[in-house]
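>>> Sharing a sequence plus its predicted fold:
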Number of protein chains: 2
Amino acid sequence: MRIGELSERTGTPRRMLRYYEEQGLLVPGRSANGYREYDERCVDRVLQIRGLLDSGLPTRVIKQVLPCLNQPRAIHVAGATPETIALLERERDRMTQRIECLVRSRDAISGYVEAVRRAGGPGTGEAAGTPALHAPAALHAPPAVPEPAPAYDLAVSA
Amino acid sequence: MRIGELSERTGTPRRMLRYYEEQGLLVPGRSANGYREYDERCVDRVLQIRGLLDSGLPTRVIKQVLPCLNQPRAIHVAGATPETIALLERERDRMTQRIECLVRSRDAISGYVEAVRRAGGPGTGEAAGTPALHAPAALHAPPAVPEPAPAYDLAVSA
DNA sequence: TCTAACCCTCACATTGATGTGAATGTCAAG
DNA sequence: CTTGACATTCACATCAATGTGAGGGTTAGA
């Protein structure tokens, strides 16, 4: 397929597909007229790139990481330098940290949303899809006070 | 404490602490001479900010999300507008996606590293030992240079 | 008093991921 | 042949997160 189709199917601007190529993340073939020619698997690959990008990994890292994510590892095993392995391990650990941070934060947000929902009534009732994680702590609800703001706790209403 | 100490204790450049303040993520007090005065909790808060930043969240979002993390959420419950709640839910879902993507990728990397370790060990790209897994395609082993990675390979994506 | 180590603000530079547009080529359909 | 949709490259613009430095206060210690 050409760039337009890939763009539509992945929801990714053409500009970005060219950029990923420039960064070595995606290397399409070229047809006689110079048009980029993408193969079916590129759809998933692009999705994956975007996911990682969106998770905070720079293209430089994604480039190293990508070849390992997509199966036939045996192919790549031979070409792995110790530096690459080391980098991957570092990156894997960083990812673990990100994951932990994200999980903590997400759960906290879930708890908060839950609390608000229970407290402020179902004005914003949105039913399905909420997996109901752990229950939050106790809550008392004083009137809204967007005032003093010490060095912490900025007001939500801002 | 003042900015220097906070900087040291969090490993964050002073410049960044001022930037976070400019972005409304951290609002220190001021002592008479105009110096920023941070309180103890700022240490954790800064660490949290950096974690989220590093996980790909923009300051704009972190600003909304922060008040729900840690502390007495009840304080904020009253001031939460439906828009804020909606934003938090969207953001929570995005975080879940990031988490899933990161977990998949990390696990894939782990698997890869494992495979390499089992195979030849990280000597200078040598195929002395083992094809280990199923190898459907040819196995070419260029010296040490990371190859251009042809446009194939499918995925683990969302 | 001088100096060093802090702090301040202001402002421009840089990098990575993007947006956007200009100038042009290719190709199918009217 | 012309038009319109698509493609190309090139290049500059933007935005967020940082780096860096100029120019100048404050404060503690020699």
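Happy to help now that I have it.
>>> so where do the helices sit in chain A?
Taking DSSP state H as the criterion, chain A carries its helices at A:3-10, A:14-22, A:42-54, A:59-69, A:73-77, A:82-119.
>>> count of residues packed around residue A:42?
Other residues within reach of residue A:42, judged by other Cβ atoms under 10 Å in any protein chain shown, total 26. To be clear about C-beta, it is placed using only N, CA and C from the backbone, and glycine gets the same treatment.
>>> check contacts around it.
By Cβ atoms under 8 Å, 6 or more residues apart in numbering or on different chains, the contact list for residue A:42 reads A:1, A:6, A:26, A:28, B:151.
>>> Identify the residue spatially nearest to the third one, adjacent ones excluded.
Of all residues beyond its chain neighbours, the one nearest residue A:26 is residue A:20 (4.4 Å), with distances taken as Cβ to Cβ, 6 or more residues apart in numbering or on different chains.
>>> residues touching that neighbour, list them.
Residue A:20 neighbours (Cβ under 8 Å, 6+ apart): A:26, A:46, A:49, A:59.
>>> Isn't residue A:103 up against residue B:99?
Yes - between residue A:103 and residue B:99 there is a contact under Cβ atoms under 8 Å: 6.1 Å.
>>> which one of those two has more residues nearby?
Neighbours were tallied for residue A:103 and for residue B:99 using other Cβ under 10 Å; the higher tally belongs to residue B:99 (20 against 15).
>>> tell me which parts of chain A are close to DNA strand D?
For chain A, the residues in contact with DNA strand D (Cβ under 7 Å from any atom of the strand) are A:2, A:3, A:4, A:5, A:7, A:14, A:15, A:18, A:34, A:35, A:36.
>>> Could you export those residues to JSON lines, including columns for neighbour count and pLDDT?
Listed next are the residues of chain A next to DNA strand D as JSON lines, based on neighbours: other Cβ atoms under 10 Å in any protein chain shown; pLDDT from 0 to 100:
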{"residue": "A:2", "neighbour count": "13", "pLDDT": "96"}
{"residue": "A:3", "neighbour count": "18", "pLDDT": "96"}
{"residue": "A:4", "neighbour count": "12", "pLDDT": "95"}
{"residue": "A:5", "neighbour count": "11", "pLDDT": "95"}
{"residue": "A:7", "neighbour count": "18", "pLDDT": "95"}
{"residue": "A:14", "neighbour count": "14", "pLDDT": "94"}
{"residue": "A:15", "neighbour count": "10", "pLDDT": "93"}
{"residue": "A:18", "neighbour count": "14", "pLDDT": "94"}
{"residue": "A:34", "neighbour count": "6", "pLDDT": "93"}
{"residue": "A:35", "neighbour count": "13", "pLDDT": "95"}
{"residue": "A:36", "neighbour count": "21", "pLDDT": "95"}
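>>> per-residue pLDDT, the residue nearest to residue A:113 when sequence neighbours are not counted?
Leaving aside its sequence neighbours, residue A:113 sits nearest to residue B:88 (Cβ to Cβ, 6+ apart; 5.6 Å). In this model, residue B:88 is scored at 88, pLDDT.
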